[in-house]
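1. show me how the following folds:
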Amino acid sequence: MRKIAMFGLAALAALTLACSSGGGTTSSVSGGEEQSAPAEAKEKTTTTAKVGQKVTLTSDILGEKTVVEVTVANAKQYKVEPGDFGSKPEHGVFLVLDVTVVCKDGTYHANPFNFKFVAKDGTVAEIALTIGFKPTMSAADLSAGQKTNGKIVFDVPKDAVADGKIQIDGTGLDYDKPAAFWAL
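-> Sure, this is the predicted structure:
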């Protein structure tokens, strides 16, 4: 019984060390100044950039470093999807943005589902599945030196766009947490 307890403690210590050694995604802005966050939000380390600025996401999990540069640019609104059979948005407007993802170090799974629209009141919208806005961003596994780009689309209320933000999720163990935002 003592051997099992010792093994359990050793396994717990190893897991704690693994999860605490370098995890977490950090973000930074280039191409202009980072926007200041309200005083109550200062405790968070999530970067907020302006649309058009490049954000660098960095994570280091157990010595596996990932560095990715992401740019969200050219926010445009549409009342109807382009094309002969263009659909109309259900919630107000289609918000269309150009995204570029460049893997600088390590590997990264670029995916349009890594992005969300967040309204001022905290309401979150996932990407809208449309076919008229070309080229669409596709999921891609990137290695250092590789990039992908394309459009992402959100169906959101028109009045939510002005104070809204685009969120990108973190990398590695932080895949389910916001890593950075772009203010519209």
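2. from here on, just use CA atoms for contacts and neighbour counts.
-> Will do.
3. helices of this protein, residue ranges please.
-> 2-20, 158-161 (DSSP state H).
4. confidence-wise, which of the ones you listed is weakest overall?
-> Least confident of the helices of the chain, judged by mean pLDDT, is helix 2-20 with a mean of 39.
5. quick one: least confident helix or strand in this protein?
-> Here the helix or strand of the chain ranked lowest by mean pLDDT, DSSP states H and E is helix 2-20, holding a mean of 39.
6. can you tell me the closest non-neighbouring residue to Ala75?
-> Leaving aside its sequence neighbours, Ala75 sits nearest to Leu97 (Cα to Cα, 6 or more residues apart in numbering; 4.7 Å).
7. just the pLDDT for that neighbour.
-> Here the pLDDT value assigned to Leu97 is 98.
8. bridge partners for it, pull those for me.
-> With DSSP bridges as the criterion, Leu97 is bridged to Ile152.
9. how about it, what does it touch?
-> Residues in contact with Leu97, defined by Cα atoms under 8 Å, 6 or more residues apart in numbering, are 72-76, 151-153.
10. let's see that with 10 Å instead.
-> Counting by Cα atoms under 10 Å, 6 or more residues apart in numbering, Leu97 touches 51-52, 71-77, 133, 136, 150-154, 166.
11. with Ala125 instead?
-> Ala125 neighbours (Cα under 10 Å, 6+ apart): 115-119, 154-156, 166.
12. next one: it relative to Ala110, how far apart?
-> 19 Å (Cα to Cα, to the nearest Å).
13. over to Pro135?
-> Per Cα to Cα, Pro135 is found 15 Å from Ala110.
14. the more surrounded of the two?
-> Neighbours of Pro135 and Ala110, each counted by other Cα atoms under 10 Å, are more numerous for Ala110; the result is 24 against 12.
15. check contacts around the more buried one.
-> With Cα under 10 Å, 6+ apart, Ala110 has these contacts: 68, 70, 100-103, 137-142, 147-149, 171.
16. ok, Asn114 next?
-> 126-127, 139, 167-171, 175-176, 178.
17. most surrounded residue in those residues?
-> Thr171 (27 neighbours).
18. give me the phi and psi angles of that residue.
-> When read as degrees, to the nearest 10, the backbone of Thr171 gives phi -110, psi 170.
19. what is the burial count for Asn74?
-> So Asn74, with other Cα under 10 Å, has 14 neighbours.
20. please begin residue numbering at 448 from this point
-> All right, first residue 448 from here; so that's Asn521.
21. okay, and which of the contacts of Leu544 map to strands?
-> 518-524, 597-601, 613 (DSSP state E).
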